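1. sequence first, predicted model second:
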Amino acid sequence: MSDVTATERSGQDVPVVQLRNIRTWFGHHVVHNDISLDLRRGEIVALLGGSGSGKTTLLRVMALLHRPQAGRVELFGSKVRRGSAEELAVRGRMGFMFQFGALFGGFTVRRNVELPLVEHTSLPARLIEEIAQLKIQLTGLEPAAAGLMPSELSGGMRKRAALARALALDPELLMLDEPGSGLDPASARSLDELIGRLRSALGLTVVMVTHDLASVRRLADRAILLHEGGILADGSPKELLASDDQRVRYFFQLELKASRSASEAEAETI
Amino acid sequence: MPDSAQEDRPRIRLDGQTIRLGGRWTAVTLEKAFAQVPRKIPDEGELVVDLAGVSALDTSGAWFIERSLRNLRKAGREVRVANARPGALSLLDLVGAQPDPRAVKLTRPRFTFLQRTGHATLALGQNMIDYLEFMGGAAQRWVKVVRNRRHWRLPQFFTHVEQTGVSAVPIVGLLSFLIGVVIAYQGLYVLQTYGATLFVANLAGVSVLRELGPLIAAIVVAGRTGSAFTAQIGTMKVAEEVDAIIAMGLSPVEILVLPRVFGLMLALPLLTVLADGAGMLGASLTASLVAGISPHAFLSQLGRAVSVQTVLSGLAKSPVFAVVIASVGCFHGFRSENNAESVGRRTTRSVVQSIFFVIVIDAAFSVAYSNLHI
């Protein structure tokens, strides 16, 4: 019995991402002190934590963009050595959306999205153009925006273009660094809906760093709260919100207040 | 990948009115589907696309199927999809709901040769105007700053003197030394036939002290420092640091441009003195090795051949070169756009233009000197 999605082949039970005893530090500042966690296939996981708690660095560790000082990272059940052929294969199975887009400034939006397809497949140019165009439209950009240069995009458009590029190869593992930041609430919600639909259609595993609690509640199956180098709480968003731990409550209270005052400010300006 | 290659590829099989699809339909495997697209399909009746055998489907595969469906429907055929699993169906829906990506024509305007020539000419003129405007603004700022010692920014000034001057000593010294060697060597070759080898001091003295010393120093500095200025300021622009300076109510010209310009105005004449000395050393050494002219004889002949005025007329050009190199470098830095490519293009342009201007100004000096009988 085979599954429909592209993700089924390497088995359901192997964690997509496995971190064991990760330690990272910058100079004298310890960012992660012995973090271990497993991400299962099909999960949408939100990494939460105050500023400087190491969320983005942990995401970069998972994406093999930052090498931890100690610890083991396994992706799709195998330990990936830097520079190996395996690394390229694994990178083809994951997509990373950078916080500020990291779109190539010399290419149009569509060329940016075409690039992974051109490099990793041998499809005819016309089909690649169509697929790239489709991805751009899927993320909610105007069709004509595909012809713009990154410098001509607004912040929200840049996010969507970056997502389209991260999705170019339909990765099994999608990593998002603050996908909702800089978006108005309606756009943030539609971006969440898109990610949710793609997850159910493609069986994506999604890890995202976010400050947007509304988005966590809507989308995430699991939230991980980082605090002082370790994992303070790990569970469904509901469980975290119902937690008795003073520090967890403190974090959510703060964030709730912040997001409330932000939406109030928004309401006033409208 | 553990599966056999056979299972990896997408399969298409025509079975009466039914088109049966199987295998993996993903971006990486999709290429194999093209060869299997049936050449002939039944002429009439409803077609059924059966997805029962599809083991993997992603958006690229879904689009391939969706576009074939659209083509068939456009040709007036009835098609329906059968036996798709829920995930595949939801993906096909998602893709099918999008406006046709083929409908989008992205046309960046293309220009004819004449249009491009026109644009380039206008841009060249505009570039000159912008540069003059930039220089005007810098001069204006300087007039304000110079009166107030608090605005002199001596630490930055000396940092730039060190980075642009002291660090360039080895390369400028070596190049000028070699130029001295080459000139003396080539000159001796000709002078020997007249038995006038001692006049190699005149030849090397005038050409190096008046022209080549200042020029070599300026060209090396344009390549080393002009490019660095453009890249530094261009990167600051990309990171919005220049905007931050403006937003704090400070002047980017005062903070970034003036210390660089004045730093180089001190460093380049000093490098020129070094270039002059190294060039003479090279010439003298060659003369003594090739023609047996002792350094003492070389120096006394040099004293007869050139005056202090010769040295000064060469040195006088250096501050002007320095202003041009530093200001062109900074100007292009500020003109950079918000991307890496633009910073690179501006850096290239800054080096090419400052070398160009250095040579043009050098020619202007020659004409002026000869009219003034210097």
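-> Looks like it arrived, so ask away.

2. the residue of the stretch 1-150 of chain A found nearest chain B: which element?
-> Using Cβ to the nearest Cβ, the closest approach of the stretch 1-150 of chain A to chain B is made by residue A:105 at 2.6 Å. Heads up, the C-betas are built off the backbone N, CA and C, glycines and all. Using DSSP states H and E, residue A:105 falls within no helix or strand.

3. ok, it to residue B:104 distance?
-> Using Cβ to Cβ, to the nearest Å, we find residue A:105 at a distance of 22 Å from residue B:104.

4. next: residue A:44.
-> Relative to residue B:104, and taking Cβ to Cβ, residue A:44 is found at 31 Å.

5. so what pLDDT did residue A:11 get?
-> For residue A:11, the pLDDT comes out at 51.

6. residue A:251 touches residue A:227, doesn't it?
-> Yes - the criterion here is Cβ atoms under 8 Å, and residue A:251 meets it with residue A:227 at 7.4 Å.

7. ok, the two, which is more surrounded?
-> Set residue A:251 next to residue A:227 and count neighbours by other Cβ atoms under 10 Å in any protein chain shown: residue A:251 wins out with 23 against 18.

8. between residue A:44 and residue B:104, which has more neighbouring residues?
-> residue A:44 (23 against 20).

9. wait, residue A:208 sits on residue A:45?
-> Yes - counting by Cβ under 8 Å, residue A:208 does reach residue A:45; the two are 7.3 Å apart.

10. spit out the residues that contact the two alike.
-> Jointly contacting residue A:208 and residue A:45 under the rule Cβ atoms under 8 Å, 6 or more residues apart in numbering or on different chains are residue A:220.

11. more neighbours: these two, which one.
-> residue A:208 (26 against 20).

12. which neighbours do residue A:251 and residue A:227 share?
-> A:49, A:50.

13. what about stretch A:158-166, average pLDDT?
-> On average, stretch A:158-166 scores 89.

14. first-to-last residue distance for stretch B:231-250?
-> Using Cα to Cα, to the nearest Å, the end-to-end distance of stretch B:231-250 comes out at 21 Å.

15. pLDDT value on the nearest residue to residue A:107 once chain neighbours are set aside, please?
-> Among residues not flanking residue A:107 along the chain, residue A:115 sits closest, at 7.2 Å (Cβ to Cβ, 6 or more residues apart in numbering or on different chains). Predicted confidence (pLDDT) for residue A:115: 90.

16. likewise for residue A:79?
-> 84.

17. show the contacting residues for it.
-> So residue A:79 contacts A:72, A:73 (Cβ under 8 Å, 6+ apart).

18. name whatever forms a beta bridge with it.
-> residue A:74 (DSSP bridges).

19. which SS class is residue A:47?
-> strand (DSSP: H, G, I helix; E, B strand; the rest coil).

20. how far is the helix or strand hosting residue B:203 from where the chain is centred?
-> Here residue B:203 sits within helix B:200-206, counting by DSSP H and E. Offset of helix B:200-206 from its chain centre (Cα atoms, centre = their mean, to the nearest Å): 38 Å.

21. now do the closest residue in space to the residue of the stretch 1-150 of chain A closest to chain B that isn't next to it in sequence: how many residues are near it, please.
-> What sits nearest to residue A:105 in space, not counting adjacent residues and going by Cβ to Cβ, 6+ apart, is residue B:339, at 2.6 Å. Residues lying near residue B:339 (other Cβ under 10 Å) number 19.

22. check contacts around residue B:339.
-> So residue B:339 contacts A:105, A:106, A:150, A:151, B:238 (Cβ under 8 Å, 6+ apart).

23. how's the chain carved up into domains?
-> All of this is about chain A. Using automatic domain parsing, the domain parsing of chain A gives A:1-6+A:15-84+A:172-270, A:94-170.

24. ah, I was thinking of chain B
-> Taken from automatic domain parsing, chain B resolves into B:5-103, B:114-372.

25. next up, the contacts around residue B:111.
-> residue B:119.
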